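Undergrad: Pasting the sequence and the predicted model now:
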Amino acid sequence: MMSDFVQKVLEIVQKIPKGKVTTYREVARALGVPKGWRAVGQALSRNPHPVIVPCHRVIRSDGRLGGYKLGIRKKIQLLTSEGIEVRNGRINLKKFGFRFHNG
DNA sequence: TCATTGGCTATCA
DNA sequence: CTGATAGCCAATG
């Protein structure tokens, strides 16, 4: 069983449109916990819900991919497969960065 | 309950 | 940009 926090994280991550990516910070903010990025990453790592939740569309705020439960390599492969340009293991948030909240 | 960990973020050098 | 430090949140042992 998962806590409400995790449950919410999954729902938000699922809302990430294909071809775009978001950051742990944005997800945390969407949850109502702007300072819960740590918990977001923890929730995803502790709750392997691939297929159901496109966790690969969540990257770090500095533009890097961060990590992936199935392997960073897989993350890059999935992102690139969606049309996202991954340069040197990094992504241009200015171009693919998606925000739940306007602004 | 306390200590540790984790797919992090922001600041300083 | 890289490396190191401090900080905050939740789950696990």
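TA: Looks like it came in fine.
Undergrad: Regarding stretch A:39-59, how distant is the last residue from the first?
TA: Taking Cα to Cα, to the nearest Å, stretch A:39-59 runs 14 Å from one end to the other.
Undergrad: I should have written stretch A:54-71 there, sorry.
TA: 14 Å.
Undergrad: Give me the contact list for it.
TA: Here stretch A:54-71 makes contact (Cβ atoms under 8 Å, 6 or more residues apart in numbering) with A:13-14, A:16, A:18, A:20-25, A:27, A:37, A:40-41, A:44-45, A:48-50, A:72, A:74-76, A:78-79, A:82, A:86, A:89-93, A:98. No exception for glycine: its C-beta is placed from N, CA and C like everyone else's.
Undergrad: Close to DNA strand C: what parts of chain A are there?
TA: A:3, A:5-6, A:33, A:35-39, A:42-43, A:46, A:63 (Cβ under 7 Å from any atom of the strand).
Undergrad: restrict those to those near DNA strand B?
TA: The subset of the residues of chain A next to DNA strand C within reach of DNA strand B, counting by Cβ under 7 Å from any atom of the strand, consists of A:37-39, A:42.
Undergrad: would you list every one of the strands in chain A?
TA: A:22-23, A:58-59, A:86-87, A:90-91 (DSSP state E).
Undergrad: Turn these into JSON lines, including mean neighbour count and distance to A:Tyr68.
TA: Formatted as JSON lines, those follow (neighbours: other Cβ atoms under 10 Å; distance: least, Cβ to Cβ, whole Å):
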{"stretch": "strand A:22-23", "mean neighbour count": "23", "distance to A:Tyr68": "14"}
{"stretch": "strand A:58-59", "mean neighbour count": "25", "distance to A:Tyr68": "9"}
{"stretch": "strand A:86-87", "mean neighbour count": "13", "distance to A:Tyr68": "12"}
{"stretch": "strand A:90-91", "mean neighbour count": "20", "distance to A:Tyr68": "13"}
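Undergrad: Rebuild those strands as TSV, extending it with mean pLDDT.
TA: As requested, those are arranged in TSV below (pLDDT from 0 to 100):
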stretch	mean pLDDT
strand A:22-23	96
strand A:58-59	96
strand A:86-87	94
strand A:90-91	94
